[in-house]
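**Student:** For reference, the sequence and a predicted model appear below.
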Amino acid sequence: MSAIEYSHITSVRSRYAETDQMGFVYYGRFAEFYEIGRVETMRSLGLKYSDLESLHKVIMPVVSMQVRYLRPALYDQLLFIKTSIRQLPDTSITFFTEIQNEANQLINAATIKLCFLDADTKKRVNCPKIILDALNHAFQHSDIR
């Protein structure tokens, strides 16, 4: 793994509809928070998921997700989603996500791996050059955004 990483932080506020009977954000909602983090991290690199799909004809399905639930997220809590890419992708890309609450406590951590598929054939392909170029540039100018 590279010593360099690219990270981006975005925030969401937990909504009432996302909580369970205990007043905790339902555990299944965290996958949506990871997606928000991935999409905004790619956008911060100058890459829009919609362009990857429509212009570059690549889709990126999740192939694995490892999650650690450390503390509950509560209704109306501001959550900070830090998403990091720690190495250049080849046939897959791995996003490392940490979610903190307003008290700066780590409440959740996940590792999400996605592969690259040709949008038309649905067959696996290598990482598109546009993603590699954006990440190479980001790794050379790495700072947390």
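**Tutor:** Right, received. Where do you want to start? Keep in mind that what you see is a predicted model, and the values were worked out from it rather than measured.

**Student:** wait, is V63 part of a strand?
**Tutor:** Yes - in this structure, V63 lies within a strand as judged by DSSP: H, G, I helix; E, B strand; the rest coil.

**Student:** Could you report the separation of it from F116?
**Tutor:** V63 sits 10 Å away from F116, taking C-beta to C-beta, to the nearest Å as the criterion. The C-beta positions use only the backbone N, C-alpha and C, and glycine is treated the same way.

**Student:** ok, the two, which is more surrounded?
**Tutor:** The residue with more neighbours, out of V63 and F116, is F116; 23 against 12, by other C-beta atoms under 10 Å.

**Student:** can you pull the contacts of the more buried one?
**Tutor:** V58, I59, M60, P89, T91, S92, I93, R124, V125, N126, C127, P128 (C-beta atoms under 8 Å, 6 or more residues apart in numbering).

**Student:** Mutual contacts of V63 and F116, please.
**Tutor:** Common neighbours of V63 and F116, using C-beta under 8 Å, 6+ apart, are S92.

**Student:** just checking, what's the longest helix in this protein?
**Tutor:** Longest among the helix segments of the chain by residue count, using DSSP state H, is helix 30-44.

**Student:** does the most far-flung residue of the chain relative to its centre sit in a helix or strand, and which one?
**Tutor:** The centre of the chain is farthest from one residue, Q21, which by C-alpha atoms, centre = their mean lies 27.4 Å away. According to DSSP states H and E, Q21 maps onto no helix or strand at all.

**Student:** how about the helices of the chain, start to end?
**Tutor:** 30-44, 49-54, 129-140.

**Student:** I'd like to know which of those is closest to A110.
**Tutor:** helix 30-44 (5.7 Å; C-beta to C-beta).
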